[in-house]
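K.L.:
okay, here's the prediction I keep looking at, along with the sequence it came from:
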Amino acid sequence: MRKYNTDEGRGKEKILPLVEVLMRELQSLKNTVKEMKEDQSKYRLYITSLHEIHAEQISELQNYLQTSIHNKIEAVENCKMTLTSCNVDSTNNLVSFSLDNLSSFKDILNGMQDVTTFENTTLPTYDEWLANQPDPYESPDEDSSQEDESKPKKPIVPSFPIPPPSVLTPSLQTPESPHLDTEPLRRFNRPVQGLSPLVKDKVRGYTLENGVVDYKPATNIVDELKDGLIEPSKDIPYYQAFFYGRDHSNFIIEDPIQGIFIISIINPEKSERELKSCGIIVRDECKNHIHPLFPKSTRKKRICQLHNINPDIPWKEIKNPQFSEELKTMEDKELSVRYHYKFGVLYAKENQTQGEMFANREESKEFREFLDFMGKKVVLDGWTKYAAGLDTETGTTGEHSMFLSYKGMEIMYHVSTMIPFAELDEQQVERKRHLGNDVVVIVYKEGDTPFDPTIIRSHFNQIFLVVQKYEIPNSHSTYYRLSVVSKDTISPFPPYLPDPPIFKKNKALRNYIISKLINGERRNYQSEDFARRLVRARV
């Protein structure tokens, strides 16, 4: 192969465009490898979250990866052959760099057999994959008996550094959005074929979710999701993470039409450019808004435009250091709601009324098994973690309750049968006082009578997750059926129930149920009624 002389104008005009093509194709191949690595993690998340019924979507993802990578390699090889036919010397800087990169990309691809070679790969079943995964629930935080009291407790906030909302993108491969370009549209209030209903259907004022699913192209806003939970950006203490203890300015604006605004603006050093991505917090009467640090010359104008603030109203700067402490305290209180949850658990036997459900004193073996599955039995006397209003000193609300630590959040269950039964109180006011004030209630149902949500007379109960043990002949495993019924003021929320809504008892199911409970309560925060109460509280 003769050496290519770059001074030869004719050869230069012919070869350099080919080198540029090769460079572009190599860069495209590099991007494809990056996408494949991302798709690999999505694929594994997909396997974790879904049952074998979604193998078709996984197959589509496999075919996409395989076709994409083969096309890229073919394009690069064709470009390489063209250069060779033109007798280009491989010692030429550009060509040598390009071909060396091609070789390294091939090495990367050869080491990614689990992603790129699907022909000889058998898709693992849900249980097979789960059996090889670490237990996400085994942690010192969940076992109080193993805690070292001498060590300081970890704060219930995400670890720093915390990404801004712009990088908190929705999960694409989860039960909430099985297709990359579609958003689930659920058909509610329809009976599940072949199964007796868990919940009475067509109840006025309520919406029933039982697993019947349709899809349509995405037209509405997709829920922001992270680890299966909606609104993850609201879990971040932005003020404490990016403003508190740093140079920043705080302002108050009193708009007679839009209301009161509290604005914090960071004054970052040159070495802290990452702070500019979330350098402004605008607090109105409803919620907090995070913005990038706009140019100083147009900053106030942009903020006024985004929030319909009268630009003629003066901005009052608050320089008192105590004001920063008050903003930190306000953020702590708002985050406390998102890191502490209380859910009711009501035991319902066959054909019972509300009074009879709250009067149950004995627990069946199956109900006890479900309670142990959902949390850990703890002693209330001297309890120092989140107690959800239960008595931790005198025992008026019982000696024990059920508790769960979940992804930095603390969950206390109000179990009807674990709150003392009052012999002289037919209404069982103490039990109703706790369960009746829970937004989300789990109803463990026994028997064939469908649960009727209207028999629970409470203004605060918005969502009921109904659970029943499901028997499968000749199976040694435990299965549960789920159904969710919500007041029609609550919009549907993920993770949505599959069809049929029958689950094997395992860690993934508990993760699924907890996500459903938390998202249900968070969806309630978005309702108009709760928003009105939130405005009153913030003002």
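P.N.:
Yep, it's here. Numbers count the residues shown, from 1 in each chain.
K.L.:
mind checking pLDDT for residue 178?
P.N.:
Note for residue 178: predicted pLDDT of 31.
K.L.:
ranges for the helices of the stretch 151-300 of the chain?
P.N.:
238, 299-306 (DSSP state H, counting those that start in this stretch).
K.L.:
the chain now?
P.N.:
For the chain, the helices defined by DSSP state H occupy 9-49, 55-85, 93-110, 113-116, 126-131, 238, 299-306, 321-339, 354-358, 365-374, 429-435, 507-525, 528-538.
K.L.:
least reliable of those helices by average pLDDT, please.
P.N.:
Among the helices of the chain, helix 113-116 scores lowest, at a mean of 37.
K.L.:
before we move on, the earlier item: how about the helices of the stretch 151-300 of the chain, which one is nearest residue 329?
P.N.:
helix 238 (14.7 Å; Cβ to Cβ). C-beta coordinates here come from the backbone N, C-alpha and C atoms, glycine included.
K.L.:
please list the outside residues in contact with the closest one.
P.N.:
Outside of helix 238, the residues within contact range by Cβ atoms under 8 Å, 6 or more residues apart in numbering are 162, 278, 281, 288, 290, 331.
K.L.:
now swap in stretch 432-445 and tell me
P.N.:
Counting by Cβ under 8 Å, 6+ apart, residues outside stretch 432-445 touching it are 198, 342-348, 358, 367, 370, 374, 388-390, 397, 413-414, 416, 419, 451, 456, 458, 460-468, 517, 520-521, 524.
K.L.:
the spatially closest residue to residue 413 that is not a sequence neighbour bridge partners, please.
P.N.:
With sequence-adjacent residues excluded and distances taken as Cβ to Cβ, 6 or more residues apart in numbering, residue 413 is closest to residue 402, at 4.2 Å. Residue 402 has these beta-bridge partners by DSSP bridges: residue 377, residue 413.
K.L.:
returning to what we had before: dump the contacts of helix 238 into TSV; add neighbour count and distance to residue 478 as well.
P.N.:
Shown next, in TSV, are those (neighbours: other Cβ atoms under 10 Å; distance: Cβ to Cβ, whole Å):
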residue	neighbour count	distance to residue 478
162	17	39
278	23	45
281	22	47
288	18	43
290	18	44
331	22	42
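K.L.:
okay, these in JSON lines with distance to residue 382 next?
P.N.:
What follows is those, written out as JSON lines (distance: Cβ to Cβ, whole Å):
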{"residue": "162", "distance to residue 382": "34"}
{"residue": "278", "distance to residue 382": "41"}
{"residue": "281", "distance to residue 382": "39"}
{"residue": "288", "distance to residue 382": "36"}
{"residue": "290", "distance to residue 382": "40"}
{"residue": "331", "distance to residue 382": "29"}
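K.L.:
so which of those comes closest to residue 493?
P.N.:
The closest of those to residue 493 turns out to be residue 288 (Cβ to Cβ; 21.2 Å).
K.L.:
list the contacts of that closest one.
P.N.:
Contact analysis of residue 288 by Cβ under 8 Å, 6+ apart lists 234, 238, 281-282, 334.
K.L.:
can you give me the pLDDT of the spatially closest residue to residue 279 that is not a sequence neighbour?
P.N.:
Once flanking residues are discounted, residue 279 sits nearest to residue 293: 3.0 Å by Cβ to Cβ, 6+ apart. For residue 293, the model assigns a pLDDT of 90.
K.L.:
so how far is residue 341 from residue 293?
P.N.:
As for residue 293, its distance to residue 341 is 34 Å (criterion: Cβ to Cβ, to the nearest Å).
K.L.:
what about the two, which has more around it?
P.N.:
The neighbour count for residue 293 versus residue 341, taken as other Cβ atoms under 10 Å, is higher for residue 341 (23 against 17).
K.L.:
pretty sure the more buried one sits against residue 521.
P.N.:
Yes: taking Cβ atoms under 8 Å as the definition, residue 341 is a contact partner of residue 521 at 6.3 Å.
K.L.:
ok, of the contacts of stretch 432-445, which come out buried?
P.N.:
The neighbour count (16 or more other Cβ atoms under 10 Å) marks 198, 342-348, 358, 367, 370, 374, 388, 390, 397, 413-414, 416, 419, 451, 456, 461-468, 517, 520-521, 524 as buried among the contacts of stretch 432-445.
K.L.:
now do the contacts for the closest residue to residue 418 other than its chain neighbours.
P.N.:
If the residues on either side of it in the chain are set aside, residue 418 comes closest to residue 398, at 5.1 Å by Cβ to Cβ, 6+ apart. By Cβ under 8 Å, 6+ apart, residue 398 lies in contact with 380, 390-391, 418-420.
K.L.:
turn those into a markdown table, columns for pLDDT.
P.N.:
Formatted as a markdown table, those follow (pLDDT from 0 to 100):
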| residue | pLDDT |
| --- | --- |
| 380 | 97 |
| 390 | 96 |
| 391 | 95 |
| 418 | 97 |
| 419 | 96 |
| 420 | 95 |
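K.L.:
tell me which two of those sit farthest apart.
P.N.:
Going by Cβ to Cβ, the pair spanning the contacts of residue 398 furthest: 391 and 418, at 12.3 Å.
K.L.:
which one of those two has more residues nearby?
P.N.:
Legend: neighbour count by other Cβ under 10 Å for residue 391 and residue 418, higher for residue 418 (21 against 15).
K.L.:
circling back to that earlier point, out of the contacts of residue 288, which is most surrounded?
P.N.:
Neighbour counts for those (other Cβ under 10 Å) peak at residue 281, which has 22 neighbours.
K.L.:
in the sheet, who's paired with that one?
P.N.:
Assigned bridge partners for residue 281, using DSSP bridges, are residue 264, residue 290.
K.L.:
quick one, strands of the stretch 201-350 of the chain?
P.N.:
For the stretch 201-350 of the chain, strands defined by DSSP state E, counting those that start in this stretch occupy the ranges 206-209, 213-217, 225-226, 229-230, 248-255, 259-266, 280-283, 288-291, 316-317, 340-348.
K.L.:
pick the most deeply packed of those.
P.N.:
strand 340-348 (a mean of 24; mean count of other Cβ atoms under 10 Å).
K.L.:
output the contacting helices and strands for that one.
P.N.:
Contacts defined by 3 or more Cβ pairs under 8 Å, 6 or more residues apart in numbering; DSSP states H and E place strand 340-348 against helix 354-358, helix 365-374, strand 409-415, helix 429-435, strand 440-445, helix 507-525.
K.L.:
ok, which of the ones you listed comes nearest residue 326?
P.N.:
helix 507-525 (22.7 Å).
K.L.:
got the angle for the closest one vs helix 321-339?
P.N.:
Angle, helix 507-525 to helix 321-339, by axes from the mean of the first three to the mean of the last three Cα atoms, to 10 degrees: 130 degrees.
K.L.:
buried set for helix 507-525?
P.N.:
508-525.
K.L.:
same deal with stretch 349-360?
P.N.:
In stretch 349-360, the ones that count as buried by 16+ other Cβ under 10 Å are 349, 352, 354, 357-360.
K.L.:
over to stretch 293-313?
P.N.:
By neighbour count with 16+ other Cβ under 10 Å, stretch 293-313 contains the buried residues 293-294, 299-300, 303-304, 307, 309.
K.L.:
farthest-apart pair in these, please.
P.N.:
293 and 309 (17.9 Å).
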